[in-house]
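S.K.: Sharing a sequence plus its predicted fold:
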Amino acid sequence: MNRTDTDFDATPETGAARQAGSVLLLKLGGTLGVPLVALAAAFGAGALFIAAIGQDPGAVYARLLGGTFGDFYGFGQVLFKATPLIFSGLAVALAFKAGLFNIGAEGQLYVGAFSTAWVGFTLTGLPGVVLVPLCILAGALGGAAWGIIPGYLKARFGTHEVINTIMLNFIAIALTGYLVTHVYFIPETIHTPRVAAQAQIPRLEQFWPAFRGSPVNVSLFLALAAAALVYVFLWRTKQGFELRALGLNPWAAEYGGVGVASGIVMAMALSGGLAGLVGVDFVMGYKYYYEQGFSAGVGFMGIAVALLGRNHPLGVVLAALLFGALSYGGLVINSVVPKELVEILQAIVIVAVIVGTNLFGALAVSLKKRSLK
Amino acid sequence: MNTLHSARGKRGFFLVLTGLCVWLLLAACSLSCARKEKTDSDEARSGAAGAPFKVGLVFDVGGRGDKSFNDSAYRGLVRAKEELGVSFEYIEPGEGSDRASALRLMAKGDARVVFGIGFLFTDDITQTAKEFPDKKFACVDYTVTDAGGIPANLVALKFREEEGSFLIGAIAALKSKTGKLGFVGGMKIPLIKKFEAGYVAGATYVRPDVKVLVSYAGVTDNAFKNPSKGKELALTQYSKGADVIFHASGSTGLGVFEAARERGKLAIGVDSDQYAEAPGYILTSMIKDVDVAVLETIRAAMNGTFEGGVRTLGLKEGGINYVYDDNNKALIGEDVRAAVETLKQKIISGEIVVPST
């Protein structure tokens, strides 16, 4: 740099502050504005598709909005769809923060949900105050156990978690499928026996009758609590700090005294445990039994939710709400347009947000460089 | 060291993975929505505007375009629109958890009758019918259990598939050169067992020495939408000497037809007339008139003669039949046709009682 003392002095303090201020503004705009702009762009592109199949985009979007946020029932359905996505989104985000790519949330939630159901329909003699926490714990432990496997394989042998989590998905789905259709078999169904009545958690309609008919239940609050706990863990505890350090730079983290192997196993266990809690919503709050194929890709959707939410618990909650609205909205407009269209919309949203984020990131970096000059 | 090396989070690598995952996600979604044809016009989808009587229908896992069970139900809707002037809406839920939401969505709207197509709806539709006592519900292939009755506003539409399968078995046995027949079932459940039982009984009734090879595609609902598995099972049966295969497996059966075409052997369709799927290789199809059941239920609801409970349709009621028309006349032949018609009368008169297990 050919910078002289006079140059340095000539740069007014206020100018640097202004530059820093605009960086901050840009950052804020990037966090909140980019997803909104991306959303608008995605819906604009979706309108083209709707028009292409000979429908009126305005009418379809009006129906989508009216069905999801137009009444309490619809809003309840959105919350109901968002609940499992918060869990799976948090699971993926937490692993992400530790530098791990957990594609196995789907398998982990199958194992977790089945464990929840198993405790619920087996230990039927226990009172509710014991059985409910036990069922929740079983879900978390089941998911955690399924997450520890790829975590350990990575920590011990260095095998990549992506391959192992994908493969474990297949095993989990087949294993639970076998248990449902052979061991805990009810003829002509694809679900287990019902969990004990005292293991069933209340629905929101019991407190707010406006939600009548919607299966949204108190597991939503568990999901929000989990989001808060993940935040506290990652940003306010030593272990959380170590996990984030691991995710940013494992070499530096190890040099700084972080146990890399134990960190990886812990991150995968926590991630799997969060995914395993999906069963609390479905088994304890909705159907009251474990049903084969209940998840319909919630675990995979969690990856998109985590990405869209920038791997931040608050972002995950917001992204889960958006995907919940899109998911239930898809059902609402399914009688007018193909369901595939909603899938196209979701895909466009993800692509738009990722592209938008990177563009804004590049812009922020170049501004920062200029302010440092 | 190894651990450290693979833990390095490279940006590009993650982006590629992200793309891969989104693709995986979409692939998973589209699996359940594949094979759908949404070519019908706006009007056919939502019915004529302002029509007073509205019908809602939620499809089974296979969805529309399975050329079988679901399409038959759809024909019932179209016929109801043409003959009774109703309007209709339908939803194709991808997977499990959407079934109940879809039913409730229909019931909450202005639909007066709501259909669930397939046994998987049993629990959900019972629950929904209880919540909406002023709406009428109908479920095709409803599983009747001893525990808990059927609500008064819900009709369970059941079929005596074993009777039609009996006739199919007789045709197959009379046409077989090798004396070996095949059966490919979808999900291994009592409902599909009825097809197998009737088929075996019919085949051995006309030809006691006949051998029937039996395979099922699986134990989950996925077994009804797995054509590659169907093809694999059918190829195995043909290799073992079977020359006619009857399938009762939803869109899995499309793979059976492909195997028949490949090997130059015969296959038998189910639920709808499936001749067009492999012309020349489809001996006949066992017709389950889901469309008639749907149409008649709508008619009853319009006329105020709707009754809850179980309604079973067999050969006698015209809810079950087999295909014999210009397409396959030559394949079946006059003599076999005559023999089968005699059997049909015997079943209707009660002279032959077809086993269902």
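M.R.: Looks like it arrived, so ask away.
S.K.: List phi and psi for residue B:180.
M.R.: Here is the backbone geometry of residue B:180 (degrees, to the nearest 10): phi -120, psi 130.
S.K.: likewise residue B:218?
M.R.: Per-residue torsions, residue B:218: phi 170, psi -170 (degrees, to the nearest 10).
S.K.: quick one: the nearest residue to it once chain neighbours are set aside from residue B:223, how far?
M.R.: Nearest-residue entry for residue B:218: residue B:187, 6.3 Å, with adjacent residues in sequence omitted and distances by CB to CB, 6 or more residues apart in numbering or on different chains. C-beta coordinates here come from the backbone N, C-alpha and C atoms, glycine included. Counting by CB to CB, to the nearest Å, the gap from residue B:187 to residue B:223 is 4 Å.
S.K.: what is in contact with these two at once?
M.R.: B:216, B:217 (CB atoms under 8 Å, 6 or more residues apart in numbering or on different chains).
S.K.: How about the contacts made by residue A:76?
M.R.: Per CB under 8 Å, 6+ apart, neighbours of residue A:76: A:204, A:205, A:211, A:213, A:214, A:215, A:216.
S.K.: Equivalent analysis for residue A:126, please.
M.R.: Applying CB under 8 Å, 6+ apart to residue A:126 gives the contacts A:134, A:196, A:198.
S.K.: can I assume residue A:353 is in contact with residue A:33?
M.R.: No. Applying CB atoms under 8 Å, one finds residue A:353 not in contact with residue A:33, separated by 11.2 Å.
S.K.: Neighbour count: these two, which is higher?
M.R.: residue A:353 (25 against 14; other CB atoms under 10 Å in any protein chain shown).
S.K.: How about the more buried one: what's its closest non-neighbour residue?
M.R.: That would be residue A:38: by CB to CB, 6+ apart, it lies 4.3 Å from residue A:353.
S.K.: for residue B:233, same thing?
M.R.: Nearest to residue B:233 is residue B:215, by CB to CB, 6+ apart, at 4.4 Å.
S.K.: ditto for residue A:90
M.R.: Nearest one to residue A:90, counting by CB to CB, 6+ apart, is residue A:274 at 4.8 Å.
S.K.: If you tally nearby residues, what's the number for the one you found?
M.R.: Residue A:274 has 34 neighbouring residues, counting by other CB under 10 Å.
S.K.: and what of residue A:154?
M.R.: When counting by other CB under 10 Å, one arrives at 26 neighbours for residue A:154.
S.K.: can I assume it is in contact with residue A:267?
M.R.: No. If you go by CB under 8 Å, residue A:154 and residue A:267 don't touch, sitting 9.9 Å apart.
S.K.: Which residues are in contact with each of these two?
M.R.: By CB under 8 Å, 6+ apart, the residues touching both residue A:154 and residue A:267 are residue A:100.
S.K.: rewinding a little: more neighbours: which of residue B:187 and residue B:223?
M.R.: residue B:187 (25 against 22).
S.K.: which residues touch the more buried one?
M.R.: Residue B:187 touches B:216, B:217, B:218, B:219, B:220, B:221, B:223, B:224, counting by CB under 8 Å, 6+ apart.
S.K.: how about the strands in the stretch 101-250 of chain B?
M.R.: B:113-117, B:136-140, B:154-159, B:180-187, B:211-218, B:244-248 (DSSP state E, counting those that start in this stretch).
S.K.: Can you give me the neighbour number for the residue lying closest to residue B:219 once chain neighbours are set aside?
M.R.: Once flanking residues are discounted, residue B:219 sits nearest to residue A:181: 4.0 Å by CB to CB, 6+ apart. The burial count assigned to residue A:181 is 21, neighbours taken as other CB under 10 Å.
S.K.: what sits against residue A:181?
M.R.: Residue A:181 touches A:190, A:292, B:219, B:220, counting by CB under 8 Å, 6+ apart.
S.K.: The third one and residue A:176 touch, don't they?
M.R.: No. In this structure, residue B:219 sits apart from residue A:176 without contact. The criterion is CB under 8 Å, and the distance is 11.9 Å.
S.K.: Show me the shaky parts of the stretch 51-200 of chain A.
M.R.: Filtered on pLDDT under 70, the stretch 51-200 of chain A yields the residue ranges A:188.
S.K.: residues in it within reach of chain B, list them.
M.R.: Contact residues (CB under 8 Å from any CB of the partner chain) of the stretch 51-200 of chain A with chain B: A:53-55, A:67, A:73, A:77, A:99-101, A:103, A:154-155, A:157-160, A:162, A:177-178, A:181-182, A:187-191.
S.K.: of those residues, buried ones?
M.R.: Buried members of those, counted by 16 or more other CB atoms under 10 Å in any protein chain shown: A:55, A:67, A:73, A:77, A:99-101, A:103, A:154-155, A:159, A:162, A:177, A:181, A:188-191.
S.K.: Pretty sure residue A:230 sits in a strand.
M.R.: No. Under DSSP: H, G, I helix; E, B strand; the rest coil, residue A:230 falls outside any strand and is assigned helix.
S.K.: Give me the distance between it and residue B:257.
M.R.: For residue A:230, the distance to residue B:257 equals 51 Å [CB to CB].
S.K.: Now residue A:102: which helix or strand?
M.R.: For residue A:102, there is no helix or strand it lies in under DSSP states H and E.
S.K.: quick one, what contacts it?
M.R.: A:91-92, A:95-96, A:108, A:147, A:150, A:161, A:165, A:268, A:271-272, A:275 are the contacts of residue A:102 under CB under 8 Å, 6+ apart.
S.K.: Mind doing that once more with 7 Å?
M.R.: Listed by CB atoms under 7 Å, 6 or more residues apart in numbering or on different chains, the contact set of residue A:102 reads A:91, A:92, A:95, A:161, A:165, A:268, A:271.
S.K.: The second one - nearest residue in space that isn't next to it in sequence?
M.R.: On the basis of CB to CB, 6+ apart, the spatially nearest residue to residue A:92 that is not a chain neighbour turns out to be residue A:306, at 3.8 Å.
S.K.: Against residue A:129, how distant is the one you found?
M.R.: From residue A:306 to residue A:129 the distance is 34 Å (CB to CB).
S.K.: ok, now residue A:119?
M.R.: Residue A:119 sits 14 Å away from residue A:129, taking CB to CB as the criterion.
S.K.: Specify which residue of the two has the higher count of neighbours.
M.R.: Between residue A:119 and residue A:129, counting by other CB under 10 Å, residue A:119 is the more crowded of the two (24 against 9).
S.K.: List the buried residues of the helix or strand harbouring residue A:68.
M.R.: If you go by DSSP H and E, residue A:68 is part of helix A:57-69. By neighbour count on 16+ other CB under 10 Å, the buried set for helix A:57-69 is A:57, A:60, A:61, A:63, A:64, A:67, A:68.
S.K.: hang on, the earlier thing: can you tell me which of the contacts of residue A:76 end up in helices?
M.R.: Among those, no residue falls in helices (DSSP state H).
S.K.: Out of those, give me the two with the largest separation.
M.R.: By the measure CB to CB, A:204 and A:213 form the most distant pair in the contacts of residue A:76, at 11.0 Å.
S.K.: So which of the two has more stuff around it?
M.R.: With neighbours defined as other CB under 10 Å, residue A:204 and residue A:213 compare such that residue A:204 has more, 22 against 18.
S.K.: got a list of what the more buried one touches?
M.R.: A:76, A:211, A:216, A:217.
S.K.: If you tally nearby residues, what's the number for the second one?
M.R.: With neighbours defined by other CB under 10 Å, the count for residue A:211 comes to 22.
S.K.: Surely it is in contact with residue A:202?
M.R.: No. Taking CB atoms under 7 Å as the definition, residue A:211 is not a contact partner of residue A:202, at 11.3 Å.
S.K.: Spell out the secondary structure type for the nearest residue in space to residue A:155 that is not next to it in sequence.
M.R.: For residue A:155, ignoring the flanking residues on the chain, the nearest one in space by CB to CB, 6+ apart is residue A:261 at 3.8 Å. The assignment at residue A:261 comes out as helix when based on three-state DSSP.
S.K.: isn't residue A:261 right up against residue A:157?
M.R.: No. Counting by CB under 7 Å, no contact exists between residue A:261 and residue A:157, whose distance comes to 10.6 Å.
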